[in-house]
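S.K.: Below is the sequence, then the predicted model.
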There are 4 protein chains.
Amino acid sequence: MTARAEPVHDEPRRGRPRSESSRQAILAAAGELLLERGPNSISMDEVAERAGASKATIYRWWPSKELLALDALYNQSEPSQHEPPDTGSFAKDLLALIRPWARQLSTASYARLVAAFISRAQNDPEFGEEYRAHFVKPRREQARVVFERAIERGEISSDTDVEAALDLLYAPFYHRVLHGHAKLTDDFIQTIVGYVVRALAPAR
Amino acid sequence: MTARAEPVHDEPRRGRPRSESSRQAILAAAGELLLERGPNSISMDEVAERAGASKATIYRWWPSKELLALDALYNQSEPSQHEPPDTGSFAKDLLALIRPWARQLSTASYARLVAAFISRAQNDPEFGEEYRAHFVKPRREQARVVFERAIERGEISSDTDVEAALDLLYAPFYHRVLHGHAKLTDDFIQTIVGYVVRALAPAR
Amino acid sequence: MTARAEPVHDEPRRGRPRSESSRQAILAAAGELLLERGPNSISMDEVAERAGASKATIYRWWPSKELLALDALYNQSEPSQHEPPDTGSFAKDLLALIRPWARQLSTASYARLVAAFISRAQNDPEFGEEYRAHFVKPRREQARVVFERAIERGEISSDTDVEAALDLLYAPFYHRVLHGHAKLTDDFIQTIVGYVVRALAPAR
Amino acid sequence: MTARAEPVHDEPRRGRPRSESSRQAILAAAGELLLERGPNSISMDEVAERAGASKATIYRWWPSKELLALDALYNQSEPSQHEPPDTGSFAKDLLALIRPWARQLSTASYARLVAAFISRAQNDPEFGEEYRAHFVKPRREQARVVFERAIERGEISSDTDVEAALDLLYAPFYHRVLHGHAKLTDDFIQTIVGYVVRALAPAR
DNA sequence: TCCTAACCGAGACGGTACGTCGCGTCTTAGG
DNA sequence: CCTAAGACGCGACGTACCGTCTCGGTTAGGA
């Protein structure tokens, strides 16, 4: 993982440098197994064996299975750091932002991963920080830009509680995926976006 | 769930009957440990020992730690099947409904439990069903009544998508608790309820 | 088992009498399973189920699995209390005595049983007593008669240590069967009997 | 047996080498407990705890409690590979050979162990092989040398069936110890040896 | 004809030990 | 200093039997 694994060293590093091929193999193996069977059904031994690496090497660079999973997932997702869309309409911006992400989220593989991350985060605050920094905050920042543009354009109220609004927008998708009481359909996306738009609309 | 399903027996029961005292002791022990340390940090051995029961007895009636936790939690919560409040105002009804529940949810103990339940549900659909039936659906039904009364009173649009609206209402609270990016304050509750009210308001 | 299960009662027995059919079913089930798989690979639950009896009933009448096995074996063997043979020749008497018994002993089923009995006897003196009384002493008594007749006839020395001689005669067969280093063949029987005869022959 | 089989490795050994101290600790712990209480009254957990080792480590190297017991016993007994005695007299050689061994055998600890070994051997041929190779054959080989010297010296018949004679010699001691119908006294040893000598004496 | 003791089956119980699995660490030899 | 291999201590798992203990129901003799 970017932030953690690359400490700054003033003096040049001595000894054998970290094996990049090993790192890639571990991330690849973890990624495959994660999507195949979910993070609770795989073992570090298994990842090590499939990667042709040793467990010690994994633990040297990733403190836990979930953190490895996080990194594997992150490395696997295309590096597309989408600029938040700017269609000129708040509703369309939100749809453009939510749709591709919600599609990804609605696959069983991702649901299992997110659930495992959340579970781990309850007992390991450090992990929670890491998880939020990489998978939650970036998305919120994108939406925040959209919200702020909408405020500037006067599409939504200027005293919008943006933090709460972000929760209002994102939470329903997590909710359906994690609790599984209903499907995350495109209709649902549109409905929720519609409700959010009306909830934040400026006072008449 | 096994323990709660009490099928009617036409034929007389044979063999030694299930020990009610043992069942209670196990549920009590599990409940205590669960709230103390969370479901991932306790062992079945420990529950068995504290309950003065044998592990075999636990496994005879509860197939997994999570199902036991579910049952323990359910048996522990007072059997109060609150009628959904009827204050005459949609917003006040929602607040009356959400506030006590959100307070309970925002304790660390419950967050850990819910996270563990959700995680387990991803890999065990049967468990998911059980979890939703006992902890999710009842709450949704209460809110549904409130929504329908509001429709009758004309406070919210008659073509409200109630399922989506339920998600819009409940999801943000789960979201904050599970992801931990912000506190679940009373301000937050009021803000979300306000947004929901405006989102569902009848067209002008 | 005869001696244990039929206590003398002065006053007539009250209450429901012991179920003979149950007793037979248990002995039969135990006997079958014993010969099929050996006493270490069967459980009391299994015997109870096959017999259509309850475990409590078994334990009411037989204190342990081995004792039950002993009884099952005993009841299964034909009640033939052979008179020790009297052919007029010491060697022929011994052969007539040993041959049928050794044949039976040399089946794998019996070896497993005897081994289990011996093993149990090490830790349970009461069981050892029972075992010897039913399976060891009767055979020794038969041979003792043969020995004594041979002494009378002058075929063997009058100061023969009969106890030691009985061990000299029987032990080699147990030995081969239990240790399994060589087969218990008819040749072997003849050889051992021959050696015993010569060992005990009167001084020249 | 795993632990004793030290195959030659052409390729250099990879990975962490087996811990010799752990092996010794396990064997020592097993040995002590075995002699204290017999193999049926000890648990692997107990051995592991006393040895400061983990159960997994024990099971990695010894497939069963009995095999561990065998190894522990073997490692415990002094490595004295006594040359068979050569006193010039067959009877004295036998006595010199049997006496110390019979003394050891006649302690309760050894009787329990031997009985357990024999019992296990009935259901596990591989174990039986191991047991005989380490505890039965070596003794027979020593006696065989004594027998062959006696044949050369003309003390016993040249057509002696040595295998049967070995059984005739050793079996009675096992017999008394395992069946427990009589004590293994020095008188008994002398009597049996005397009988064996006379049984094998050359024809007049 | 009841009463009551002793039996019976079914099957749940507390308990002990089992053998396995996964974790995260450590110890080798080798690059 | 890194790596692969793989053994290690630890702790929990879920299972198998043990021998005991209720249950409701059955079968006798004695009252």
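M.R.: Sure, I can see it.

S.K.: what helix or strand is A:Leu168 on?
M.R.: helix A:162-179 (DSSP states H and E).

S.K.: Quick check on A:Arg198: phi, psi?
M.R.: Main-chain torsions, A:Arg198, degrees, to the nearest 10: phi -70, psi -30.

S.K.: how about low-confidence regions in chain A?
M.R.: In the predicted model of chain A, residues A:1-13, A:78-82, A:204 satisfy pLDDT under 70.

S.K.: before we move on, the earlier item: show me what the helix holding A:Leu168 is packed up against.
M.R.: Here helix A:162-179 touches helix A:90-105, helix A:108-123, helix A:137-153, helix A:186-200, helix B:108-123, helix B:162-179, helix B:186-200, going by 3 or more C-beta pairs under 8 Å, 6 or more residues apart in numbering or on different chains; DSSP states H and E. All C-beta spots, glycine's among them, are computed from the backbone N, C-alpha and C.

S.K.: tell me the most buried of the ones you listed?
M.R.: helix B:162-179 (a mean of 23; mean count of other C-beta atoms under 10 Å in any protein chain shown).

S.K.: Alpha carbons of that one, as CSV, please.
M.R.: Extracted in CSV, the C-alpha atoms of helix B:162-179 (Å, rounded to 0.1, in the frame of the first residue of the first chain):
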residue,chain,number,x,y,z
VAL,B,162,-41.6,3.2,0.6
GLU,B,163,-38.9,0.6,0.3
ALA,B,164,-36.4,3.1,-1.0
ALA,B,165,-37.6,5.6,1.6
LEU,B,166,-37.0,3.2,4.4
ASP,B,167,-33.4,2.7,3.2
LEU,B,168,-33.0,6.5,2.9
LEU,B,169,-34.1,6.8,6.5
TYR,B,170,-32.3,3.9,8.2
ALA,B,171,-29.1,3.6,6.1
PRO,B,172,-27.3,6.8,7.2
PHE,B,173,-27.3,5.6,10.9
TYR,B,174,-25.9,2.2,10.0
HIS,B,175,-23.4,3.9,7.8
ARG,B,176,-21.9,6.2,10.4
VAL,B,177,-21.8,3.4,13.0
LEU,B,178,-20.3,0.8,10.7
HIS,B,179,-17.8,3.0,8.9
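
S.K.: Just want the angle from the helix holding A:Leu168 to helix A:90-105.
M.R.: 30 degrees (axes from the mean of the first three to the mean of the last three C-alpha atoms, to 10 degrees).

S.K.: so who does the residue nearest the centre of chain A touch?
M.R.: The residue lying closest to the centre of chain A (C-alpha atoms, centre = their mean) is A:Phe135, at 2.6 Å. Residues near A:Phe135 by C-beta atoms under 8 Å, 6 or more residues apart in numbering or on different chains: A:70, A:73-74, A:114, A:117.

S.K.: Could you rerun that using 10 Å?
M.R.: With contact taken as C-beta atoms under 10 Å, 6 or more residues apart in numbering or on different chains, A:Phe135 is in contact with A:70, A:73-74, A:77, A:113-114, A:117, B:179.

S.K.: End to end on stretch A:46-60, go ahead and measure it.
M.R.: 17 Å (C-alpha to C-alpha, to the nearest Å).

S.K.: buried sites along it?
M.R.: A:47-48, A:50-51, A:53, A:57-58 (16 or more other C-beta atoms under 10 Å in any protein chain shown).

S.K.: Skipping adjacent residues, who's closest to A:Ser109 in space?
M.R.: Distances taken as C-beta to C-beta, 6 or more residues apart in numbering or on different chains place A:Leu35 nearest to A:Ser109, at 4.4 Å, with adjacent residues excluded.

S.K.: Please verify my assumption that the one you found contacts A:Ser77.
M.R.: No: A:Leu35 is not in contact with A:Ser77 according to C-beta atoms under 10 Å; the separation is 11.6 Å.

S.K.: Comparing these two, which residue is more hemmed in?
M.R.: Ranked by neighbour count (other C-beta atoms under 10 Å in any protein chain shown), A:Leu35 and A:Ser77 place A:Leu35 first, with 18 against 11.

S.K.: circling back: with distance to A:Ile98 added, can I get the contacts of A:Phe135 in TSV?
M.R.: Shown next, in TSV, are the contacts of A:Phe135 (distance: C-beta to C-beta, whole Å):
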residue	distance to A:Ile98
A:Leu70	22
A:Leu73	19
A:Tyr74	20
A:Ser77	16
A:Leu113	19
A:Val114	16
A:Phe117	20
B:His179	17
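
S.K.: Out of those residues, which two sit at the greatest distance?
M.R.: A:Ser77 and B:His179 (18.7 Å; C-beta to C-beta).

S.K.: Show me which of the buried residues of stretch A:46-60 is closest to A:Glu155.
M.R.: For these, the nearest to A:Glu155 is A:Val47 (47.3 Å; C-beta to C-beta).
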